[in-house]
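Chemist: Show me how the following folds:
(2 chains)
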2 protein chains.
Amino acid sequence: MDTSNSIKPYCIGLDLGGTNSVFGIVDSRGNIKATTAIRTQGFKTAEEYVAASVEALQAIIDQVDGIGNIKAMGIGAPNANYYKGTIECASNLAWAKGTVPLAGMFSKALGIPVAMTNDAKAAAIGEMTYGVARGMKNFIMITLGTGVGSGIVVNGQLVYGCDGFAGELGHVTMVRENGRLCGCGRRGCLEAYCSATGVARTARELLATTNTPSLLRDIAPEDITSLDVSIAAGKGDALASEIFQRTGKMLGEACADFATFCSPEAFVFFGGLVKAGDLIMNPVKQAYDSHVMKVYKGKAQFLVSALDGSSAAVLGASAVGWDI
Amino acid sequence: MDTSNSIKPYCIGLDLGGTNSVFGIVDSRGNIKATTAIRTQGFKTAEEYVAASVEALQAIIDQVDGIGNIKAMGIGAPNANYYKGTIECASNLAWAKGTVPLAGMFSKALGIPVAMTNDAKAAAIGEMTYGVARGMKNFIMITLGTGVGSGIVVNGQLVYGCDGFAGELGHVTMVRENGRLCGCGRRGCLEAYCSATGVARTARELLATTNTPSLLRDIAPEDITSLDVSIAAGKGDALASEIFQRTGKMLGEACADFATFCSPEAFVFFGGLVKAGDLIMNPVKQAYDSHVMKVYKGKAQFLVSALDGSSAAVLGASAVGWDI
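Modeler: Here you go, the predicted structure:
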């Protein structure tokens, strides 16, 4: 079937994670028609990784009657440069030393346009395309996972900046004196406090510096995760609640600063920490309301992604394809 | 002469200040062809203000052979809402109680399109149209005057946000504990430290809390201005230099945070404080370089507006007109 002149109803999304690479073929409404996956690691070169990916993809491409039905491919990947279509300095990918032109390699192998961005920006495009931010022109996506990621939409466009690396709101400085060391090598970043790992650090700090009884004391400090904190807080544990209060307060104050930049109509949250629900979101909203500049008060909604967690990353990646 | 179908070579710019309203007719290269001014105050209603403005304008419109040569008018004004063309809650304008649809009123009186924004955003558009930011798609304008204003350009467009009030970077919180009271009613804002008035406050604080000899001790503390600090620092006064060091350090650290939003290719500075030159700009750049995230290092230029200070506001306002 020659579909070169007809509307192509699907995009491929690739969520390129440190462990797995998940592929999905998605229609314009965000329905995933077919999925497959390969392990991300174990390849010596990017060429090998792309070849294995294309082989896995071929089976699901056949399920939608061939590449002629596919408009484009979008990739969400760490250290992705949108402008250049490259992965740069991705230290956790053995086959991606230096600068790898991954978008171009997939495009050549598949014969369709391919665009690539990082996972938080892909999530923002996903929310705008299929999710709670549909129709919004100005919003900020905040992903609370191992790190704190962000994707900023202004005038209906993702903010990439002069180099493709704009939107690293996890690395605004929230504590200017003696702040925690962050993974980026600097101190006091939002991410060092409000990521899942930041929450676990706060737990260990509070356990070490207070005598407050807590369910968390039954766990070896080095084993505590944000999920443990969430479970304990859900059971009414005072110390766990205090951890979420502190985390939410800092996040809300950070959002109040973010509002001065782009006065968004919404903040959209996604990621593991968000599963704590009101335990984290209520302190965020309270801190925002009490800190934000008067002119912005009451204007921004605080939303939680409604995309299915397990497929959200693939959906986000596919949305990058629609955006080409 | 009927010029309705020909290229209209001029825009009117209005710099609506608290004391004076300055009008200029400007060509597309930023040459001011004619200017006039009225006092801003002394009118009972917005209608009276507009009528007096139009009367003053008529003389300079005649100098460029009539309104048929004028494409549009741009207004830079405090509390301006770009989307609505209104001035809102401008407490220092007696004739502008509540919400005044000033753009529409001028448009009706003159028969040309009129757009309005605040002075810092007008300055950003002015730099992009005639100044050091020509050709730039991503930059941040920072005005250091009585307050700290900003205009943010992303993908070649001014960032207005959901309500027209985005870009208040003077009100990010830089000091989270016991910060200075800011004019906005909150504490610890950048503006409370790095505006001209903030610099004078720092001077008074350092004079009161140290014994460092200083030329500034010859001035009554309540009379000290940022210009006095600049003059003293220029003479090698150690205390005055320390004031600029502190001010520049905070500004540079704030810019490092701003980079995480939009990874700008430049920060463009304008306003009274900038006249201190390297005394303020060197500490800004040093603090930025030592605080900014590695991925942004070395990418943003630090520029000072080259537009003539006395006409920059009118030029900026006129550029808002070209942008319609």
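
Chemist: Let's check: the centremost residue of chain A is which one?
Modeler: Of all residues in chain A, the one closest to the mean position by CA atoms, centre = their mean is A:Ala120, 3.1 Å from it.

Chemist: Surely it is in contact with A:Met141?
Modeler: Yes - at 6.3 Å, A:Ala120 counts as touching A:Met141 under the criterion of CB atoms under 8 Å. Every residue, glycine included, has its C-beta placed from N, CA and C.

Chemist: got any residues that touch both of those two?
Modeler: A:Ser150, A:Gly151 (CB atoms under 8 Å, 6 or more residues apart in numbering or on different chains).

Chemist: Checking the residue nearest to the centre of chain A next. Helix, strand or coil?
Modeler: The three-state assignment at A:Ala120 reads helix, by DSSP: H, G, I helix; E, B strand; the rest coil.

Chemist: the longest helix in chain A is where?
Modeler: helix A:238-262 (DSSP state H).

Chemist: Run the angle between it and helix B:238-262 for me.
Modeler: Interaxial angle, helix A:238-262 versus helix B:238-262 (axes from the mean of the first three to the mean of the last three CA atoms, to 10 degrees): 90 degrees.

Chemist: For helix A:238-262, buried residues please.
Modeler: Of the residues in helix A:238-262, A:239-262 count as buried by neighbour count, 16 or more other CB atoms under 10 Å in any protein chain shown.

Chemist: got it, and stretch A:7-14?
Modeler: Quick answer for stretch A:7-14 (16+ other CB under 10 Å): A:Lys8, A:Pro9, A:Tyr10, A:Cys11, A:Ile12, A:Gly13, A:Leu14.

Chemist: One more: stretch A:174-185?
Modeler: Buried residues in stretch A:174-185, counted by 16+ other CB under 10 Å: A:Met174, A:Arg180, A:Cys182, A:Cys184.

Chemist: ok, now stretch A:273-282?
Modeler: For stretch A:273-282, burial by neighbour count (16+ other CB under 10 Å) applies to A:Leu273, A:Val274, A:Ala276, A:Leu279, A:Ile280, A:Met281.

Chemist: In helices only, show me the residues you listed.
Modeler: If you go by DSSP H, those have A:Leu279, A:Ile280, A:Met281 in helices.

Chemist: now these in JSON lines, with distance to A:Ala266 and pLDDT?
Modeler: Output for those, formatted as JSON lines (distance: CB to CB, whole Å; pLDDT from 0 to 100):
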{"residue": "A:Leu279", "distance to A:Ala266": "20", "pLDDT": "93"}
{"residue": "A:Ile280", "distance to A:Ala266": "17", "pLDDT": "94"}
{"residue": "A:Met281", "distance to A:Ala266": "13", "pLDDT": "96"}
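
Chemist: Using JSON lines, please lay out these together with distance to chain B.
Modeler: Output for those, formatted as JSON lines (distance: CB to the nearest CB, whole Å):
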{"residue": "A:Leu279", "distance to chain B": "23"}
{"residue": "A:Ile280", "distance to chain B": "20"}
{"residue": "A:Met281", "distance to chain B": "20"}
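
Chemist: where do the helices sit along chain A?
Modeler: Counting by DSSP H, the helices of chain A are A:46-63, A:102-110, A:119-130, A:191-194, A:196-209, A:226-234, A:238-262, A:278-291, A:309-322.

Chemist: Would you mind finding the most buried of those?
Modeler: helix A:119-130 (a mean of 28; mean count of other CB atoms under 10 Å in any protein chain shown).

Chemist: who touches that one?
Modeler: A:15, A:29-30, A:74-78, A:82, A:117, A:133-134, A:136, A:139, A:141-143, A:149-153, A:156, A:158, A:160, A:167, A:268, A:270, A:305, A:307, A:312-313, A:315-320, A:322-323.

Chemist: Also within reach of chain B: list those from those.
Modeler: Near chain B, judged by CB under 8 Å from any CB of the partner chain, the entries from the contacts of helix A:119-130 are A:Ile152, A:Tyr160, A:Gly167.

Chemist: and the stretch 51-200 of chain A, which residues reach chain B?
Modeler: A:137-138, A:152, A:154-155, A:157, A:159-169, A:171-176, A:184-186.

Chemist: Tell me the spacing between A:Asn155 and B:Ile152.
Modeler: Taking CB to CB, to the nearest Å as the measure, A:Asn155 falls 11 Å from B:Ile152.

Chemist: Identify the contacts common to the two.
Modeler: Joint contacts of A:Asn155 and B:Ile152 (CB under 8 Å, 6+ apart) are B:Val159.

Chemist: Please say which of these two ends up with more neighbours.
Modeler: Comparing A:Asn155 with B:Ile152 by other CB atoms under 10 Å in any protein chain shown, the one with more neighbours is B:Ile152, at 30 against 16.

Chemist: what is that one paired to in the beta sheet?
Modeler: B:Ile140 (DSSP bridges).

Chemist: tell me the contacts of A:Asn20?
Modeler: A:Ala37, A:Ile38, A:Arg39, A:Thr40.

Chemist: Of those, which belong to strands?
Modeler: A:Ala37, A:Ile38, A:Arg39 (DSSP state E).

Chemist: Excluding sequence neighbours, find me the nearest residue to the last one.
Modeler: Residue nearest to A:Arg39 in three dimensions, not counting chain neighbours: A:Asn20, with 6.3 Å by CB to CB, 6 or more residues apart in numbering or on different chains.

Chemist: What of A:Val153?
Modeler: Nearest one to A:Val153, counting by CB to CB, 6+ apart, is A:Phe139 at 5.3 Å.

Chemist: Just the pLDDT for the one you found.
Modeler: pLDDT recorded at A:Phe139 is 98.

Chemist: likewise the one 5 residues further on?
Modeler: Among the per-residue scores, A:Leu144 holds a pLDDT of 94.

Chemist: Hmm, it is touching A:Ala196, no?
Modeler: Yes - counting by CB under 8 Å, a contact exists between A:Leu144 and A:Ala196, whose distance comes to 6.9 Å.

Chemist: which residues do these two both contact?
Modeler: Both A:Leu144 and A:Ala196 are contacted by A:Gly271, A:Gly272, A:Leu273, under the criterion CB under 8 Å, 6+ apart.

Chemist: got the contact list for the first one?
Modeler: For A:Gly271, the contacting residues are A:Thr143, A:Leu144, A:Gly145, A:Ala196, by CB under 8 Å, 6+ apart.
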